[in-house]
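How does the following fold in three dimensions:
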Amino acid sequence: MKFLLHKGLGYSTIHQIGDYLRSHGTGHHWIERYRGDIFVFVSDGVDEAILKSEFSGVLDAIDDDTESDGK
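Sure, this is the predicted structure:
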């Protein structure tokens, strides 16, 4: 699952999220930066649930199925 960090937030927020996931979830996540946006990716349902419940104020869930693939 992919999450977009809200504008105006940066690496201190990402560090807080990462620390929380390592302490309370599986810790399997990665960060990507693309065209000024910062994305958090998780591959485990536990981490996804944590991000949706604990960090909904700073992250927006992105549904990859709704993105245009050029077709």
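
What is the longest helix of this protein by residue count?
As assigned by DSSP state H, the longest helix anywhere in the chain is helix 11-24.

Can I get that helix in CSV? Just the C-alpha atoms.
Extracted C-alpha coordinates of helix 11-24, given in CSV (Å, rounded to 0.1, in the frame of the first residue of the first chain):
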residue,chain,number,x,y,z
TYR,A,11,11.9,13.9,7.2
SER,A,12,11.3,14.5,10.9
THR,A,13,7.7,13.2,10.3
ILE,A,14,9.0,10.3,8.2
HIS,A,15,11.5,9.4,11.1
GLN,A,16,8.6,9.4,13.6
ILE,A,17,6.5,7.1,11.3
GLY,A,18,9.5,4.7,10.8
ASP,A,19,10.3,4.6,14.5
TYR,A,20,6.6,3.8,15.3
LEU,A,21,6.4,1.1,12.6
ARG,A,22,9.6,-0.5,13.9
SER,A,23,8.3,-0.5,17.5
HIS,A,24,4.7,-1.5,16.9
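
Who does the next helix-or-strand element following that helix pair with, and is each partner parallel or antiparallel?
Of the helices and strands lying after helix 11-24 in sequence (DSSP states H and E), the nearest is strand 29-34. Applying DSSP bridges, strand 29-34 is found paired with strand 37-42 (antiparallel).

Which strands and helices lie in contact with whichever helix or strand comes after the partner strand?
Under the assignment DSSP H and E, the closest C-terminal helix or strand after strand 37-42 is helix 45-54. Applying 3 or more Cβ pairs under 8 Å, 6 or more residues apart in numbering; DSSP states H and E, one finds that helix 45-54 makes contact with helix 11-24, strand 37-42, strand 59-62. All C-beta spots, glycine's among them, are computed from the backbone N, C-alpha and C.

Return the distance of the shortest one from the chain's centre.
Think strand 59-62. 7 Å (Cα atoms, centre = their mean, to the nearest Å).

The first one too?
In terms of Cα atoms, centre = their mean, the centre of helix 11-24 is found 10 Å from the chain centre.

what comes into contact with it?
Helix 11-24 is contacted by residues 5, 27, 29, 31, 38, 40, 42, 47, 50-51, 54-55, 58-59 when judged by Cβ atoms under 8 Å, 6 or more residues apart in numbering.
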